[in-house]
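In: I need the structure of the sequence given here:
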Amino acid sequence: MYIIENANILKDRQLTTCSLLISDNRITKIQPCFNHYRVMKMNVDPYIMTPSFVLFNSKIPYKESFQALKNYLIDHFLLKGCTTMLTYVDVSYENELTEKFKEMKTALVGSPVDFIIGIRIPVRLITPSLMRMCKKEKIPAIFVEVEEPGQLENVPWGWIREAIFPFNSPLIPKISSSQKKEERAVLSKWKGIMVKEKIPSIYEEIEENQPLCTAILNKIGLYPQRASLMHGTELSYNLYLKGREINNVDEVNLFHYHGDRLVVTVHKGKIVRTGAKVLFKPGYGEHVKVQTPSYFSL
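Out: Below is the predicted model of the structure:
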């Protein structure tokens, strides 16, 4: 048990200073100070603290050599203060789902960062039977490749809604390159159908390699277990050197424009990056099993 003192936690452009009581690599209590505790204390006043990030990346080279995968995970995640990734496998036919999902899960066993695996499907695969398979495998994110928005009108949405329930994996749009010019119109149609049919979904595309916002994390069942510093959550955080130029910024700006100030990343209570040095811990990452998407009410 120990205390992290004077933590300047950044959330929604606001810095809140508090102290965290840590036990078994989890936050057990948060309050302004712990004057009467006789345990080791760590003063982090010179830094800004953020939860470690969750990034979406669909290009994980999991079929390449372990060295190639290792270098990719270091460059795209650990050096950027990310300790959890969301990715997907492409599924073109229903009977591929279980095998492809298992293949990626097995390939990422040595990952130093936690991972969540979704699937990407064409619109024609939005079927009750596939939704039931997703529910059985507890797949928390279903990316849908939308090529022709008219296809969405042919889906039996009432049956889909019943098949998804109660796990309620959200459907997430991926606009195909042929529709990029019509992106706003396609997304507007997508949102209209999702709202009307009461389908668990995200209404915009998820940007690659950008910290996922709280609303998206909640939809896929990761919040507040990931990317938060709250009572009961695991201890995963970043420390940035304080400075005038990073006053009044949010976490996304900190991630994109002040990476040079990131000095420490901690994952589940263990330091995984200090300065420019990454402490690569193969297998320290785990496959995150989502229990219920959208369970936490925002």
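In: Next one, pLDDT for Ser297 please.
Out: We note a pLDDT of 45 for Ser297 in this prediction.
In: Next, please give the residue ranges for the helices of the stretch 1-150 of the chain.
Out: Remark: helices assigned in the stretch 1-150 of the chain by DSSP state H, counting those that start in this stretch are 66-76, 97-107, 128-137.
In: who wins for proximity to Lys180 among the ones you listed?
Out: Of all those, helix 66-76 sits nearest to Lys180, with 23.8 Å by Cβ to Cβ. C-beta here means a position set from N, CA and C on the backbone, and glycine is covered the same way.
In: what distance separates that closest one from the centre of its chain?
Out: Chain-centre distance of helix 66-76: 18 Å, with Cα atoms, centre = their mean, to the nearest Å.
In: pLDDT averaged over it - what is it?
Out: What helix 66-76 shows for mean pLDDT is 94.
In: And it, what's buried?
Out: For helix 66-76, burial by neighbour count (16 or more other Cβ atoms under 10 Å) applies to Leu69, Lys70, Tyr72, Leu73, Ile74, His76.
In: on that earlier part again, out of the helices of the stretch 1-150 of the chain, which gets nearest to Lys277?
Out: So among those, helix 66-76 is nearest, using Cβ to Cβ, at 10.5 Å.
In: what's in contact with the closest one?
Out: 55, 57, 60-62, 82, 107, 110-113, 209, 278, 280, 282 (Cβ atoms under 8 Å, 6 or more residues apart in numbering).
In: Please narrow these to those residing in strands.
Out: Per DSSP state E, strands hold the following members of the contacts of helix 66-76: Leu55, Cys82, Val278.
In: top of the residues you listed by neighbour count?
Out: Cys82 (26 neighbours; other Cβ atoms under 10 Å).
In: In contact with that one, which residues?
Out: So Cys82 contacts Ser52, Phe53, Val54, Leu55, His76, Val113, Pro211 (Cβ under 8 Å, 6+ apart).
In: Dump the residues you listed to CSV, plus distance to Thr233.
Out: Putting the contacts of Cys82 into CSV (distance: Cβ to Cβ, whole Å) gives the following:
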residue, distance to Thr233
Ser52, 11
Phe53, 14
Val54, 13
Leu55, 18
His76, 24
Val113, 17
Pro211, 16
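In: hmm, back to that, among the helices of the stretch 1-150 of the chain, which is nearest Lys268?
Out: helix 66-76 (15.8 Å).
In: what angle separates that closest one from helix 97-107?
Out: Angle, helix 66-76 to helix 97-107, by axes from the mean of the first three to the mean of the last three Cα atoms, to 10 degrees: 80 degrees.
In: mind starting the numbering at 548 from now?
Out: All set: I'll call the first residue 548, so the last point we hit is now helix 613-623.
In: Name the nearest of the ones in strands among the contacts of helix 613-623 relative to Arg708.
Out: Leu602 (29.9 Å).
In: Dump the helices of the stretch 548-697 of the chain into JSON lines; add distance to His814 as well.
Out: Formatted as JSON lines, the helices of the stretch 548-697 of the chain follow (distance: least, Cβ to Cβ, whole Å):
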{"stretch": "helix 613-623", "distance to His814": "12"}
{"stretch": "helix 644-654", "distance to His814": "19"}
{"stretch": "helix 675-684", "distance to His814": "26"}
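In: of those helices, which approaches Ile749 most closely?
Out: Once the helices of the stretch 548-697 of the chain are compared by Cβ to Cβ, helix 675-684 is nearest, at 15.2 Å.
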